[in-house]
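Colleague: Fold the following.
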Amino acid sequence: MPWKERSIVEERMRFVLRLKDGESMASLCREFGISRVTGYKIYDRYKECGLEGLTDRARTPYRYANKLPAQLEAMIVTLRREKPTWGARKLRDRLLRKLPNDVRVPACSTIHAILDRHGLVTRQRRSRTKTEGTPLSEGVAPNALWCTDYKGEFMLENKQYCYPLTVSDHASRYLLLCEAMESVKEQGAFTAFERLFKERGLPQAIRSDNGVPFASPNGLFNLSRLAVWWLRLGITIERIQPGHPQQNGRHERMHRTLKIEATRPAGSNFLQQQAKFDAFVREFNYERPHEALEMKYPADFYKPSTRPYRGIGELSYPFHDRTALVTCCGRICIYKKKINLSTSLAGQAVGIKEVDDGIWLVSFMDYDLGYIDLEEKTLQPLNNPFGPRV
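Modeller: Next up, the predicted model:
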């Protein structure tokens, strides 16, 4: 046991022993500098668990949303194979009757997700497109793959921080964008990418890291609003694995040159710094020979995309029972019940289809997100349809 943890346990033991010797709770709490609520909590743990109750309890969650004991999952699979026509609701009722009262039986949506994971559910849906993606694509042709990132922030002479947003074409090395931004907030990225799409057309895929605004650590499948917008435009999202910048190596190599030639010294303000970036882009694309291009220029290989930017249209789900609009707080309403999805999908239409009694499949575009159980009012996500969780 580490020294710090041992000293905390010893303090708790002293507190409990003196309490058992007859000293009052109020006076001991004042002496030890703790509230009476904490004092009673320590003493209750001791009475319940003995000396083990004085040690710090593990901080790992007691229950994981998508994880069940292996024995319980195996029992669900066995029951389904014995009764192949039974749905999640009937299987759950069977479990409630068979298992002891102290065993927590999972929700119907969780049971349905287990059956789906073991191939025991037939999904009547269109096959997913190849936008479901990883491994990372090769990007061998212009506009097949764009790479994007924020080069590390640096301070201008006026003491403001600058966050350069950069976009390059993977195949030709053509530097499409180098924009001096005041922050990494998504609104600035939306504006910059929309201007770029209007000028250069749409790529097949965009590769980024897992940082904001390209991904959201709290969003469903780590989707951000920016990533959802790219999907709506028909662009595949690719993300490198954390700690593997070499997966975006060409772009990172460009950043190193950018840092040396366009940020040292930094501009006096954003306008001056943007002028330095614009000069760097012109030289990088039209004057700087690249060894990987046999000493030719990126401009010799790059051509604008043949996929014009026309914004996004309305989504329709003809193979689903109904369409629901995700609210600004990330919910959908069905039969007067509110189910949380993700704020990254706010304003988007999703398709809902009943696949079992009270079990509904939720889809976004051609991607199945998960199952909702109207009784539990929760979403049970499926495996990440946009590629492995990175």
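Colleague: Count the neighbours of P100 for me.
Modeller: Summarising burial for P100: neighbours were counted as other Cβ atoms under 10 Å, giving 5. In short, each C-beta sits where N, CA and C put it, glycine included.
Colleague: pLDDT score assigned to it?
Modeller: The confidence metric pLDDT takes the value 71 at P100.
Colleague: now swap in Y43 and tell me
Modeller: The predicted local distance difference test score for Y43 is 83.
Colleague: The helix or strand where it lies packs against which elements?
Modeller: Secondary structure assignment for Y43, by DSSP states H and E: helix 36-49. Using 3 or more Cβ pairs under 8 Å, 6 or more residues apart in numbering; DSSP states H and E as the contact criterion, the neighbours of helix 36-49 among helices and strands are helix 3-20, helix 25-32.
Colleague: closest to F280 out of these?
Modeller: Across these, the minimum distance to F280, taken as Cβ to Cβ, is reached by helix 3-20, at 50.7 Å.
Colleague: quick one on the thing from earlier: could you point out which element follows the helix holding Y43?
Modeller: Past helix 36-49, the next helix or strand by DSSP H and E is helix 70-82.
Colleague: could you say what helices and strands whatever helix or strand comes next after that following helix packs with?
Modeller: Remark: after helix 70-82, the chain's next helix or strand is helix 88-98, criterion DSSP H and E. When contacts are defined as 3+ Cβ pairs under 8 Å, 6+ apart, helix 88-98 sits against helix 70-82, helix 108-117.
Colleague: coming back round to it: okay, the helices and strands packed on helix 36-49 in CSV with mean neighbour count, mean pLDDT and distance to R331 next?
Modeller: Below are those laid out as CSV (neighbours: other Cβ atoms under 10 Å; pLDDT from 0 to 100; distance: least, Cβ to Cβ, whole Å):
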stretch, mean neighbour count, mean pLDDT, distance to R331
helix 3-20, 14, 67, 42
helix 25-32, 14, 88, 43
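Colleague: And the residue nearest in space to the middle of the chain, what's its pLDDT?
Modeller: Relative to the mean C-alpha position of the chain, the nearest C-alpha, by Cα atoms, centre = their mean, is the one of N222, at 1.0 Å. Confidence per residue is given as pLDDT, and for N222 that number is 88.
Colleague: before we move on, back to that, just the C-alphas of the helix holding Y43, formatted as CSV.
Modeller: Once non-C-alpha atoms are left out, helix 36-49 reads as follows in CSV (Å, rounded to 0.1, in the frame of the first residue of the first chain):
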residue,chain,number,x,y,z
ARG,A,36,-20.2,15.0,10.6
VAL,A,37,-21.5,13.6,7.4
THR,A,38,-18.1,12.3,6.6
GLY,A,39,-17.5,11.1,10.1
TYR,A,40,-20.7,9.0,10.0
LYS,A,41,-19.8,7.7,6.6
ILE,A,42,-16.4,6.4,7.8
TYR,A,43,-18.0,4.8,10.8
ASP,A,44,-20.9,3.2,8.8
ARG,A,45,-18.3,1.7,6.4
TYR,A,46,-16.4,0.3,9.4
LYS,A,47,-19.6,-1.3,10.8
GLU,A,48,-20.5,-2.7,7.4
CYS,A,49,-17.1,-4.0,6.2
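Colleague: Going along the chain, name the strands of the stretch 101-250 of the chain.
Modeller: Here the stretch 101-250 of the chain has its strands, by DSSP state E, counting those that start in this stretch, at 146-150, 154-155, 161-169, 175-181, 205-208, 236-239.
Colleague: list the contacts for P308?
Modeller: With contacts defined as Cβ atoms under 8 Å, 6 or more residues apart in numbering, P308 is in contact with 201-202.
Colleague: repeat for H290
Modeller: Remark: with contacts taken as Cβ under 8 Å, 6+ apart, H290 is in contact with 173, 296-298.
Colleague: 10 Å - rerun?
Modeller: Remark: with contacts taken as Cβ atoms under 10 Å, 6 or more residues apart in numbering, H290 is in contact with 172-173, 250, 284, 296-298, 300-301.
Colleague: so of the residues you listed, which ones are in helices?
Modeller: Restricting the contacts of H290 to those inside helices, with DSSP state H as the criterion, leaves 250, 284.
Colleague: what about burial for the contacts of H290, which qualify?
Modeller: Taking 16 or more other Cβ atoms under 10 Å as the criterion, what is buried in the contacts of H290 is 172-173, 250, 284, 297-298, 301.
Colleague: Tally up the residues packed near the nearest residue to D300 once chain neighbours are set aside, please.
Modeller: Leaving out its chain neighbours, the residue that sits closest to D300 by Cβ to Cβ, 6 or more residues apart in numbering is L293, at 7.3 Å. Taking other Cβ under 10 Å as the neighbour definition, L293 ends up with a count of 14.
Colleague: which ones are touching L293?
Modeller: Contacts of L293 were listed using Cβ under 10 Å, 6+ apart, and they are 171-173, 300-301.
Colleague: ok, 8 Å please
Modeller: Taking Cβ under 8 Å, 6+ apart as the contact definition, L293 lies against 172-173, 300-301.
Colleague: picking that back up, which stretch among the strands of the stretch 101-250 of the chain comes nearest F277?
Modeller: In terms of Cβ to Cβ, the element of these nearest to F277 is strand 175-181, at 4.3 Å.
Colleague: Quick check: can you name the pairing partners of that closest one and their directions?
Modeller: Strand partners for strand 175-181, identified by DSSP bridges, are recorded as strand 161-169 (antiparallel).
Colleague: angle of the partner strand against strand 146-150?
Modeller: Angle, strand 161-169 to strand 146-150, by axes from the mean of the first three to the mean of the last three Cα atoms, to 10 degrees: 170 degrees.
Colleague: So for strand 161-169, mean pLDDT?
Modeller: Averaged across strand 161-169, pLDDT comes to 97.
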